[in-house]
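J.: Okay, here's the prediction I keep looking at, along with the sequence it came from:
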Amino acid sequence: MFNSITEAVFHYEKLQPQKLCLADDTSSVTYSEYGEKIRKYAGVFASCGIARGDTVVVEASQTIEYLAMELALQLIGAVFVPVEHNCAAEKIRSFADRADAKAVITVKEDEYSVPLVFTYASLLEKYQTSQQYMPEKLPLKSDISEILFSTGTTGKEKGIVITHGNNIALAENVMYGVEMEKDNVEMIPSPMNHSHGLRRYYANMYNGCTVVLLGSAMNVRLFFANIDKYGVNSMDLVPTALSVILKLSKDKFAEYADRIRYIQFGAAPMMEADSARICSLLPDTRLYNFYGSTESGCICIYNFNRPDSKKHCIGKPAHNAKIVIVDDNRSEIVSHKDNTGLLASYGGMNMSGYWKDEEETAKVLIDGAVYSNDVAYFDQDGDIILLGRKGDVINVGGNKVSPEEIENAVKKIEGVADCGVIPVADPMKGQVPKLFVEMSQGHSFDAAKIRNWIAANMEPYKVPAVIVEIDKIPRSYNGKLLRKELK
């Protein structure tokens, strides 16, 4: 239907010019106003010498201006390279160097060794006198739209190359996966430099819907005020944001049970207690867990707010995804509970590779398929059961144990603030679980008490052989357990 997300916005600008397109913490724009804003920023960039194929590093913000700059850059054929808000200048320099950037756009002024350096303020000044600009040639599906650098804490970040066609396929995966309606009004507090938030925004633009940005999920007052002000009927949350909102708002979600159609979650596993609570507060709301990665996007979807919800289930393949389970040699297998393998995906949403890194690309992307290190299998209903990362799943004498299952159980113990499980070698069983526990303030650590509770509530082979206390369980900004740091 469209070759790019920008093209979709322009289509709906003509079809529904006065419909609300975007809102942030301080302003809002209709589709007509947003289309004009994109073209005016395109005029700014073109007049400054940014051209087709140039890469531009942009510091993210939860604002309309930031998203308009993104689509303006993509409109003229430039490559958008987002970095997190308040990213250190030294790290921005590193990204700019690795991406061969023509320009850098930041909130605060600093020095960068690139031909063009802008701040948001300086661009806004140029914007005031800019003319609208439309290139003679619109982006093609095969053109690069963005480079998303992974933000792992160990090792070298990889630049994941995404085309406009990838973004269209990803938008369709989300749109069809959540059964998005044309009057959708979705609130997105997720950071807009991260693939999770960006791709939910793309899906709504692709479908001609409304997106409400939120600066921070910590602002619970504004969170619920936005629902009332804009008629929000859907939202996207990372698990840590849900935890904050549930903690600070008590049962207020229940007041919106009749208007929230769906909430989609992703980027990290959700705590079982939070999952159970949101299901009870919103019994008729579709609560989706999306599975995917920056390399392949959202490729599986599962509504877990149902009586027959399955543990560790990530559902069925998304609209444009084909999922296969392979062995260690990457040959497809017939999988089941006792014959697990590694998950691989085919489809138009898969990245085209890692930026200027053929060696790393060859390890993951082969003949169009993205190969993961996630251990999974298809059950009798055709649903995919995900056990965890290869190397994280614990093989106790032939029994495959998901570390998350133990972690979710241990978090129910009074006084346990957080925990993490890793496999360790055992001469008799091959591997056994090792448990790290972070205690809440005012509670003392008692390994025997914790072990006895686990033994009374789980199978014997799932009881950790070693239980130790730790000051703080290492987690990423979105709540993902950094298991490598425990190892």
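T.: Happy to help now that I have it.
J.: how about the strands in the stretch 151-300 of the chain?
T.: 159-163, 185-188, 210-213, 234-237, 262-265, 286-293, 297-303 (DSSP state E, counting those that start in this stretch).
J.: Work out the sheet partners of the second one and label each with its direction, please.
T.: Meaning strand 185-188. Sheet pairing of strand 185-188 (DSSP bridges) gives strand 210-213 (parallel), strand 234-237 (parallel).
J.: Just the CA trace of it, in CSV.
T.: C-alpha atoms of strand 185-188 as CSV (Å, rounded to 0.1, in the frame of the first residue of the first chain):
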residue,chain,number,x,y,z
VAL,A,185,-5.8,6.3,20.1
GLU,A,186,-2.7,4.8,21.5
MET,A,187,-0.5,6.2,24.3
ILE,A,188,3.2,5.4,24.1
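J.: So which helix or strand of the protein has the lowest pLDDT on average?
T.: Counting by mean pLDDT, DSSP states H and E, the chain has its least confident helix or strand at strand 399-401, which shows a mean of 82.
J.: From the rest of the structure, what touches whichever helix or strand comes after that one?
T.: Moving toward the C-terminus from strand 399-401, the next helix or strand (DSSP states H and E) is helix 403-410. Identification of contacts with helix 403-410 by C-beta atoms under 8 Å, 6 or more residues apart in numbering yields 269, 271-272, 311-312, 388, 392-394, 416, 419-423, 433, 435, 437, 450, 454, 457-458, 462, 464, 481, 483. Placement of C-beta: from N, CA and C, glycine included.
J.: Could you write me a PyMOL select line covering just the buried ones among the residues you listed?
T.: Buried subset of the contacts of helix 403-410, written as a PyMOL selection, criterion 16 or more other C-beta atoms under 10 Å:
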select buried, resi 269+271+272+312+388+392+393+394+416+419+420+421+422+423+433+435+437+450+454+458+462+464+481+483
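J.: mind listing which of the contacts of helix 403-410 are in strands?
T.: Gly388, Ile394, Val416, Cys419, Gly420, Val421, Ile422, Pro423, Pro433, Leu435, Val437 (DSSP state E).
J.: can I get the residues you listed in a markdown table with pLDDT and distance to Tyr371?
T.: Converted to a markdown table, the ones in strands among the contacts of helix 403-410 look like this (pLDDT from 0 to 100; distance: C-beta to C-beta, whole Å):
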| residue | pLDDT | distance to Tyr371 |
| --- | --- | --- |
| Gly388 | 85 | 16 |
| Ile394 | 90 | 22 |
| Val416 | 95 | 36 |
| Cys419 | 95 | 30 |
| Gly420 | 95 | 26 |
| Val421 | 95 | 25 |
| Ile422 | 93 | 23 |
| Pro423 | 91 | 22 |
| Pro433 | 94 | 27 |
| Leu435 | 97 | 30 |
| Val437 | 97 | 34 |
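J.: sorry, back to before: any chance of the strands of the stretch 151-300 of the chain in JSON lines with mean neighbour count, mean pLDDT and distance to Asp328 as columns?
T.: Output for the strands of the stretch 151-300 of the chain, formatted as JSON lines (neighbours: other C-beta atoms under 10 Å; pLDDT from 0 to 100; distance: least, C-beta to C-beta, whole Å):
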{"stretch": "strand 159-163", "mean neighbour count": "23", "mean pLDDT": "97", "distance to Asp328": "24"}
{"stretch": "strand 185-188", "mean neighbour count": "24", "mean pLDDT": "97", "distance to Asp328": "38"}
{"stretch": "strand 210-213", "mean neighbour count": "24", "mean pLDDT": "98", "distance to Asp328": "42"}
{"stretch": "strand 234-237", "mean neighbour count": "26", "mean pLDDT": "95", "distance to Asp328": "35"}
{"stretch": "strand 262-265", "mean neighbour count": "22", "mean pLDDT": "95", "distance to Asp328": "30"}
{"stretch": "strand 286-293", "mean neighbour count": "22", "mean pLDDT": "94", "distance to Asp328": "19"}
{"stretch": "strand 297-303", "mean neighbour count": "25", "mean pLDDT": "95", "distance to Asp328": "21"}
